[in-house]
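Student: Based on what follows, work out the 3D shape:
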Amino acid sequence: MISFADVLQSVADTIRAVFPDMEETVHIERIENLRTPAVSVEVINIKTPAFGAMAVENKINLDIIYFSNDDSVWAAINAGELLSRAFRVGLKVKDRYIHTTEEPEIKLVDQDLHFIVEFSYLQGSTPWIRTKTGGLAKIDPAVTDVTNTIGEIEKVKTIEKDMEEQEREILTDKVEMMKELYFEVKEG
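Tutor: Predicted coordinates for the structure are as follows:
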């Protein structure tokens, strides 16, 4: 399963590969003290429309903002070309490849580049329903009788605990990626 946090992390990792000198200045969180050149990845919106009874089409629309060192239009345009090459058709996230829905849009606002891109991917999703006991249960959406549950599910974890697990997964993925890169460089 791919979370939206996984997508953001893969975007940040790809940006770091495109701009290796900006390892410390790729921001997903709010920027406190901006050191340029820098990149900020901001979520514009997230949509999860149903795709059949047991799947959703996850869509995440991002604004990747490039802040050049000296407010240079040329540096911003160059950054846009590099980002376009990196994200034009999609993005590797975990063991999958998610796609862009259309050609990314490039805008300049006050000499800062705004690279707007939307990624889309299908994912299985079993709907939940609240039970009489106050818990949650998976349901079979093909059956209209609400007592037809697939089974009660465990209490949903707190967001903080879920984020800790995601951070551990991301760290593990980074270590594996570094091992793969080391092997490729050593062999090549």
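Student: ok, for Val93, nearest residue in space, not its chain neighbours?
Tutor: Ser10 (4.4 Å; C-beta to C-beta, 6 or more residues apart in numbering). Every C-beta, even on glycine, is put in place using the N, C-alpha and C of the backbone.
Student: The one you found in helix, strand or coil?
Tutor: Using DSSP: H, G, I helix; E, B strand; the rest coil, the structure places Ser10 in helix.
Student: Just the mean pLDDT for stretch 121-131, thanks.
Tutor: The average pLDDT within stretch 121-131 is 78.
Student: start the count at 389, not 1, going forward
Tutor: New numbering, starting at 389: the last item is stretch 509-519.
Student: coming back round to it: count of residues packed around the residue nearest to Val481?
Tutor: Using other C-beta atoms under 10 Å, Ser398 has 20 neighbouring residues.
Student: cool, the one 5 residues further on as well?
Tutor: Other residues within reach of Ile403 by the criterion other C-beta under 10 Å amount to 26.
Student: Secondary structure element for it, which one?
Tutor: For Ile403, the host element (DSSP states H and E) is helix 392-406.
Student: what mean pLDDT would you report for that helix?
Tutor: Rounded mean pLDDT across helix 392-406 is 90.
Student: again with stretch 462-471
Tutor: In the prediction, stretch 462-471 has an average pLDDT of 93.
Student: beta partners of Ile494?
Tutor: When bridges are called by DSSP bridges, Ile494 pairs up with Phe503.
Student: which parts of the helix holding Ile403 are buried?
Tutor: By neighbour count on 16 or more other C-beta atoms under 10 Å, the buried set for helix 392-406 is Asp394, Val395, Leu396, Gln397, Ser398, Val399, Ala400, Asp401, Thr402, Ile403, Arg404, Val406.
Student: and which of those residues is nearest to Trp516?
Tutor: Proximity of these to Trp516 (C-beta to C-beta) peaks at Asp394, which lies at 21.2 Å.
Student: That closest one reaches Leu479, doesn't it?
Tutor: No. Using C-beta atoms under 8 Å, Asp394 is not in contact with Leu479, being 10.2 Å away.
Student: all helices for this protein, in order.
Tutor: 392-406, 461-475, 547-575 (DSSP state H).
Student: Which residues does stretch 457-474 contact?
Tutor: Contact with stretch 457-474 is made by 402-403, 405-407, 424-425, 452, 454, 456, 492, 494, 496, 498-501, 503, as judged by C-beta atoms under 8 Å, 6 or more residues apart in numbering.
Student: To clarify, my last question referred to stretch 491-503.
Tutor: Contacts for stretch 491-503 (C-beta under 8 Å, 6+ apart): 451-456, 459-461, 464-465, 467-468, 471-472, 475-476, 504-505.
Student: average pLDDT for it?
Tutor: pLDDT averaged over stretch 491-503 gives 92.
Student: what about it, start to end distance?
Tutor: This stretch, stretch 491-503, spans 11 Å end to end (C-alpha to C-alpha, to the nearest Å).
Student: what about burial for the contacts of stretch 491-503, which qualify?
Tutor: Ile452, Ile453, Tyr454, Phe455, Ser456, Ala464, Ala467, Gly468, Leu471, Phe475, Val505.
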